[in-house]
Structure formats: structure tokens, C-alpha cells
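Colleague: Sequence unavailable; structure follows:
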């Protein structure tokens, strides 16, 4: 059993090799990546990095300002599309493929299916997004199976809420986009207005709302006179339609669904849907974007296999990297989810978060190396990496709708320099990009090469080492006769640490006291030392780095 390592990639950005993109450029001006750019060589490089899964972001057709009407695809009104390329999370047809990603748009589904086959042949399992909470304003399926009724097709638009409706309606009022159009005449008409995706039930969304989307109705009346009320019996119409969509994509050979804003959809639906999908596809993984820690166990009980550990471990590590918290806080954070640790997905970047190397985060990718070691090596739970992270991508481009915010755009047609160099023009890679790639590759591969990391026991050493808790973090991993002492240094200065291994660790991990040698798996340095109960091992650690000392016991 491998440790799950998920590599997230936006195909639209991944294969775009244009070095001269312009702000707010169209597809014709800036270009776009294709499924074919994820060829055997690229997929092999991702697998060789250490990935076990590839998360293809933005696969399902979403609203865009690009005209594909020549292929029978309805044109979208620019007033309800964010950016020239559009948001991958404003789904326009759950049964269709984004035509941007196909060399031959008329054969876009076949090109996606071919990519799934290539990924599987490369040893990678495939993850795609399932966006259950909201759809694009102008959602209309042109690719649904004949027997499937379209979403909203038979809604009673005179009702704000009904379990037979797929959308919520704003009491007969027309959609008012005045906060978005800013004095310009509104050309997009919606009568009556549908509720907006971020639970905005007014007909006048603001520019800070998810105004390009509409909320799906899973049987919760958010505006009941007595407050929020649930109506799950009989089963709401939306439940059946969304489960049918999941089964459709499972039938295309995908191995996992990353479920967008899963906590905005009721757990009762997930219990119902995941049961049906897993009955037919028992190996299917469901990955939930859930931010409220108090809901973690509820959503796991509802059929999810993995959950984002964002508000917990991600926030903790980010604050430590930025000098805002002590490294010892990692202990409390993993303990808070210890009973469900195998289900917590650790990460340091994704499309929603700022790049580590951006001016808004650490401004230096090396500062996150200790956090990488902790995230990958501390437990056996999965880890996720965002394409370009392994090269130290700074995310400081001003692409268009996405301004200079430290994030890589999901809304614009763009080319990402570090990805372009790292996959398609390696002669132009900088020395730092090469170094970062080697660090990531070594640590990610180590997670599955070393049995103690892949499946071994874990022992936190910080309760006996409070003297290092401000800037360093230490723990043990053990499997069979291999013992690993992992010590990370978040400081910008070299650390000289005396790490005490308590007697309880010797008992818990069944370690024999002895004189022994150790090798640092990161540097190759060798040590001769004594493993003694309640005694210290001296370790020198370079700035923003770590040691992984392997003892054969």
C-alpha cells in the first residue's frame, strides 16, 4: 500500500507554452494548454516525482467568455463569467468536457478518456472535481444522456423553495447585477433571479459574492419562517440528479472525486450518494473540501475518505513558516485529529491558497522545506502538491481577472513560467528551480521508499524537548528494525539541538538501547551515537531544513 500523494494540475495552464501572454488576453492571444500536453513523458515525470494520483482541475465544461458556438456549445454572457477563461467551478454542463482542453473540440470527451488511460498506464490514479453546491448562471446540458432530465428543467419558478426544484428563486424579483456592472447597462437577464452559490438569497449579489453561480437545492429551506429547515423525505430531486452525474464520471474510469465546498451540501446527501457510487465502484475515493473542524467526523461518517486539513494543519504550518507561531504547536494540531488522522489530507499549496514563494506568504520557497518534511513524514496520511510548487513558483503574475495576489490564476488564459520550464524547456530552468525539484522529489519518493514513513509507528518527542519548541520540531517513526529520528528547523539560522528520547518511546516502539550508527537520509552524513533512555542525541540542522536520521536497531 502506497502513501497517497496527489499532484494537482490545471491542464489549461499546464501545457500553455506562450512566453508572451498579455493581461486579460483571450484564448487566441494567450493560448491554452491541452489534454495532449499531459503526454507520457509529462505523466512519467509527475509519477517519478513521487505522485500516486493526478488531480485534473477544470475538466468539466464551465462558463467561459470564449465562443464555441460553432461546436453547438451555448455562448455565455460575459457579465456572469469571471475572467476570459472563466472559473472551473461555474459548471455549465455536468456531462461535458471543457473544449479549451481538446485539440479537436468536437472530440473532447475522447481526448479526456485517452488522458485517463495514459495516466493509468503511467501508474497514476485520476482525480477530477465534482462541484455539487452550485452551477453557472446559464447552466444548460447539451451532452446529458437522453433519459436524463436537465437540472432546473421542470422547476416551479414561482416558488422560493420546493424539494421538487433544483434551484432557489428570489420571490419573483429579477436579477440585479448593478454592483457588478458598475453603472453599465445590464445585458444579462434572469427572471426570476436564482439564489447565488455562496448562500446569497437576495436578487442582488455583490461583486464579492459568487455572482457567476447559482445555488443547488438539496432539500434545505434556508429562508423558512422558523429558520433553516430540512426536507429529505421524500428524497429531493437534486439528490438523484447529482448521484447520476457521479456515476457517469465513475464510468469514465476516474478513481476519485475532489468534492468542491462539500460542507455546503448536507451530510445526508453524501451518505445517500456515496453509498450508491461505492456499491458499484468500491475503490472510488471521495475527497471533501471541508473547512469546519467540528464537521470533520460528520462528513467522514457520510462517506468521505479524505478531508482537507486546511484550518488545522495548513494554517498552523503557514503561521510557523511566517514566524507567527511556535513549531511546537504542530503537536496540538495533529492531536486534535488523531482519531481520524488517516483521513486528513495535508498540503502547503493548492489553487485557492497563495504560493509559498509569493510576497504574500514566505517570499522564499526554501522556508517551507521543514513544513514539507513534517507534512510528508509525520504520519501515514496523504499529502497534496500543486503543480509548480516543486519549482518554487511565486504566483506573482498579474494575469487579468486574477490580479497580483500570490495565487496562480484559475480564471485567465495564462502560461506559468516555472511549469513551462520544468516540463517543456528544462534547459531554461533556474538553479533554484532545479534544487527545489530535487528536494521535493527526494522527500516525496522517500515517503514510499522508507517503510517506517510509509506505514510505521509515530512518536512525538516535543513533550520532552520543550527547549526547541519555538523553531524546531522532532518525532520518531519506526517499522521493523528501522528507526527514524526526524528533526526539522524552521529557523533562518543553523540549529544545534540536543534531542531527548524518553523512556516511554523506548517502551512504546520497542527500541533496544545500544551504541549504533545512523545515516541522515537527506544529506548522506553518518553519525555514531548511543540510543539511551532519557538521553540526548545532538543534531546540527541547517537553516530551513531538517535531518532524517535512520538507525538500524
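Modeller: In hand now; what should we look at? Note that this is a predicted model, so its numbers are computed, not measured. Residues are numbered from 1 along each chain as shown.
Colleague: And for the closest residue to residue 97 other than its chain neighbours, the neighbour number?
Modeller: Closest residue in space to residue 97, ignoring its immediate chain neighbours: residue 108 at 4.0 Å, by Cβ to Cβ, 6 or more residues apart in numbering. Using the backbone N, CA and C atoms, a C-beta is placed for each residue, glycine as well. By the criterion of other Cβ atoms under 10 Å, residue 108 has 25 neighbours.
Colleague: Spit out the contact partners of residue 108.
Modeller: 96-99, 101-102 (Cβ atoms under 8 Å, 6 or more residues apart in numbering).
Colleague: rerun at 10 Å
Modeller: Residue 108 makes contact with 34-35, 59, 61, 68, 71, 73, 96-102, 143, according to Cβ atoms under 10 Å, 6 or more residues apart in numbering.
Colleague: Please, which helix or strand holds it?
Modeller: Using DSSP states H and E, residue 108 maps to helix 108-121.
Colleague: Pull out the buried positions in that helix.
Modeller: Residues of helix 108-121 classed as buried by neighbour count (16 or more other Cβ atoms under 10 Å): 108, 111-112, 115-116, 118-119.
Colleague: Tell me which residue lies nearest the centroid of the protein.
Modeller: Centre of the chain computed as the mean C-alpha position; nearest residue by Cα atoms, centre = their mean is residue 350, 5.0 Å away.
Colleague: can I assume it is in contact with residue 383?
Modeller: No. Counting by Cβ atoms under 10 Å, residue 350 stays clear of residue 383, with 11.6 Å between them.
Colleague: who touches both of the two?
Modeller: Joint contacts of residue 350 and residue 383 (Cβ under 10 Å, 6+ apart) are residue 6.
Colleague: Next, the contact list for the closest residue to residue 229 other than its chain neighbours, please.
Modeller: In space, and not counting its chain neighbours, residue 229 is closest to residue 221: 4.9 Å by Cβ to Cβ, 6+ apart. By Cβ under 10 Å, 6+ apart, the contact set of residue 221 is 160-163, 168, 227-231.
Colleague: With residue 231 instead?
Modeller: 161-163, 217-221, 224.
Colleague: quick revisit: following element in sequence after the helix holding residue 108, please.
Modeller: Downstream of helix 108-121 (by DSSP H and E), the next one is strand 125-130.
Colleague: Residue 65 is in contact with residue 212, correct?
Modeller: No. Judged on Cβ under 10 Å, residue 212 makes no contact with residue 65 at a distance of 11.0 Å.
Colleague: Tell me which of those two has more neighbours.
Modeller: residue 212 (28 against 18).
Colleague: List the buried residues of stretch 280-291.
Modeller: 281, 284-291.
Colleague: ah, wrong one, I meant stretch 18-31
Modeller: Buried, per 16+ other Cβ under 10 Å, within stretch 18-31: 18, 21, 25-27, 30-31.
Colleague: Next, the distance between the ends of that stretch.
Modeller: 7 Å (Cα to Cα, to the nearest Å).
Colleague: which residues sit against it?
Modeller: 12, 15-17, 32-33, 64-68, 83-85, 99-100, 397-401, 403, 412-417, 420-421, 425, 428.
Colleague: follow-up on the earlier one: closest to residue 341 out of the contacts of residue 231?
Modeller: residue 218 (29.5 Å; Cβ to Cβ).
Colleague: what are the pairing partners of the helix or strand that contains residue 286, and which direction each?
Modeller: Using DSSP H and E, residue 286 maps to strand 285-288. Here strand 285-288 has these sheet partners by DSSP bridges: strand 256-259 (parallel), strand 306-308 (parallel).
Colleague: OK, contacts around the residue nearest to residue 492 when sequence neighbours are not counted?
Modeller: Nearest non-adjacent residue to residue 492, counting by Cβ to Cβ, 6+ apart: residue 543, 5.0 Å away. Applying Cβ under 10 Å, 6+ apart to residue 543 gives the contacts 366-367, 369-370, 471, 489-495.
Colleague: again with residue 449
Modeller: 50, 442, 521.
Colleague: show me the contacts for the second one.
Modeller: Neighbouring residues of residue 442 by Cβ under 10 Å, 6+ apart: 50, 449, 521-522.
Colleague: Please flag which of those residues sit within strands.
Modeller: Counting by DSSP state E, no part of the contacts of residue 442 is found in strands.
Colleague: Can you say which of these are buried?
Modeller: Buried among these (16+ other Cβ under 10 Å): 50, 521-522.
Colleague: How many residues are close by residue 277?
Modeller: Other residues close to residue 277 by other Cβ under 10 Å number 18.
Colleague: should've said residue 13
Modeller: By other Cβ under 10 Å, neighbour count at residue 13 equals 26.
Colleague: What of residue 394?
Modeller: 22.
Colleague: for the stretch 1-150 of the chain, what spans make up the strands?
Modeller: Ranges of strands in the stretch 1-150 of the chain, per DSSP state E, counting those that start in this stretch, are 5-9, 53-56, 125-130, 134-136.
Colleague: Partner strands of the shortest one and their direction?
Modeller: For strand 134-136, the pairing partners within the sheet under DSSP bridges are strand 213-215 (antiparallel).
Colleague: average model confidence for the helix or strand just after the partner strand?
Modeller: Scanning forward in sequence from strand 213-215 by DSSP H and E, the next helix or strand is strand 220-221. The average pLDDT within strand 220-221 is 96.
Colleague: dump the residue contacts of the spatially closest residue to residue 336 that is not a sequence neighbour.
Modeller: Nearest non-adjacent residue to residue 336, counting by Cβ to Cβ, 6+ apart: residue 312, 6.4 Å away. Contact analysis of residue 312 by Cβ under 10 Å, 6+ apart lists 291, 293, 296, 332-334, 336-337, 344, 346.
Colleague: and if we set it to 7 Å?
Modeller: 293, 333, 336-337 (Cβ atoms under 7 Å, 6 or more residues apart in numbering).
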